[in-house]
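Asker: Have a look at this prediction, sequence included:
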Amino acid sequence: MKKIIIALALLALPGLTLASGEGGYPLAKAPIDPHDQPSLQRGAKLFVNYCMGCHSLDYQRYNRMGRDIGLTDEQVKDNLIFTGAKVGDTMKNAMPKADAKRWFGVTPPDLTVIARSRGVDYLYNYLQTFYKDPTRPFGVNNVVFPNAGMPHVLWELQGMQEPVYTVHKDAAGTEVKTITGFKLTQPGSLSPPEFKEAMADLTNFLAYVGEPIKLERQRIGIWVLLFLALATVVFYLLKKEYWKDVH
């Protein structure tokens, strides 16, 4: 019994780690909805405009994405493809990996499964928690992912913010400064509630990209469970019929 309890505790650990970022910052729940096609469309627009210059979606095709989020091939070509890519191509960017590593110190990762590997709450909060830090190469840091090598590419939308610190003493009696919030010092083109909603859309889109078949899988799963329930009744009645003379 003790081994079973330990095993269950270990299985729960990954979920517990997602309750806070790498810097210990508490994560707000991401309000995503895979059924909300307008949200997915807005998220796709944000991704191709602000993220795809550095990051790619190597395992997602434009036309598959378009069909899943309610767009025709023509709409995808007119609104989401800004290169010579074809609508059936995967969503690769044009940045050479060698140049990207030289410019940023590391090659920007492909984001196809980032929502599955990091979690949607992590992404939602990461996108909102860049703040001014003149000690960093790009002048910004991130409280969810401290010392991230990524610039704040969404600053035109969010604006620039500074951290609000709370000072407390640790177990040894040493004063420790902890970031507990932010103060907007330079407004962006979106208000804070609008930016938060935009980041929910972007997170929603990246969650879809991580598992495009999710809604279909769930729909099929319901029918499979109903079939198994019906089959169980039939098999039970057959068993009673076959064994009635044995007993």
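Answerer: It's in.

Asker: measure residue 198 to residue 157 for me?
Answerer: According to C-beta to C-beta, to the nearest Å, residue 198 stands 6 Å off from residue 157. To be clear about C-beta, it is placed using only N, CA and C from the backbone, and glycine gets the same treatment.

Asker: who touches both of those two?
Answerer: residue 190 (C-beta atoms under 8 Å, 6 or more residues apart in numbering).

Asker: Spatially nearest residue to residue 114, not counting backbone neighbours?
Answerer: Computed as C-beta to C-beta, 6 or more residues apart in numbering, the closest residue to residue 114 that is not its neighbour in sequence is residue 206, at 6.1 Å.

Asker: Pretty sure the one you found sits against residue 123.
Answerer: Yes: with contact defined as C-beta atoms under 8 Å, residue 206 and residue 123 form a contacting pair (6.1 Å).

Asker: higher neighbour count, those two?
Answerer: residue 206 (28 against 25; other C-beta atoms under 10 Å).

Asker: How far off centre is the lengthiest helix in the chain?
Answerer: As assigned by DSSP state H, the longest helix anywhere in the chain is helix 214-243. The chain centroid and the centroid of helix 214-243 are separated by 34 Å under C-alpha atoms, centre = their mean, to the nearest Å.

Asker: avg pLDDT for the helix or strand in which residue 64 is found?
Answerer: If you go by DSSP states H and E, residue 64 is part of helix 62-68. Helix 62-68 comes out with an average pLDDT of 93.

Asker: Can you give me the buried ones in stretch 52-64?
Answerer: 52, 54-57, 60-64 (16 or more other C-beta atoms under 10 Å).

Asker: between the residues you listed, which is closest to residue 145?
Answerer: Within these, the smallest distance to residue 145 is 14.5 Å, found for residue 55 (C-beta to C-beta).

Asker: Do I have it right that that closest one meets residue 94?
Answerer: No: at 12.0 Å, residue 55 does not count as touching residue 94 under the criterion of C-beta under 8 Å.

Asker: on that earlier part again, check the offset of the helix holding residue 64 from the chain's centre.
Answerer: On C-alpha atoms, centre = their mean, the centre of helix 62-68 falls 18 Å from that of its chain.

Asker: Relative to residue 133, which of the buried residues of stretch 52-64 is nearest.
Answerer: Distance to residue 133, by C-beta to C-beta, is smallest for residue 54 among the buried residues of stretch 52-64, at 19.7 Å.

Asker: Per-residue pLDDT of residue 170, please?
Answerer: Residue 170 is given a pLDDT of 76.

Asker: Excluding chain neighbours, give the residue nearest to it in space.
Answerer: Spatial nearest neighbour of residue 170, excluding adjacent residues (C-beta to C-beta, 6+ apart): residue 176 at 5.2 Å.
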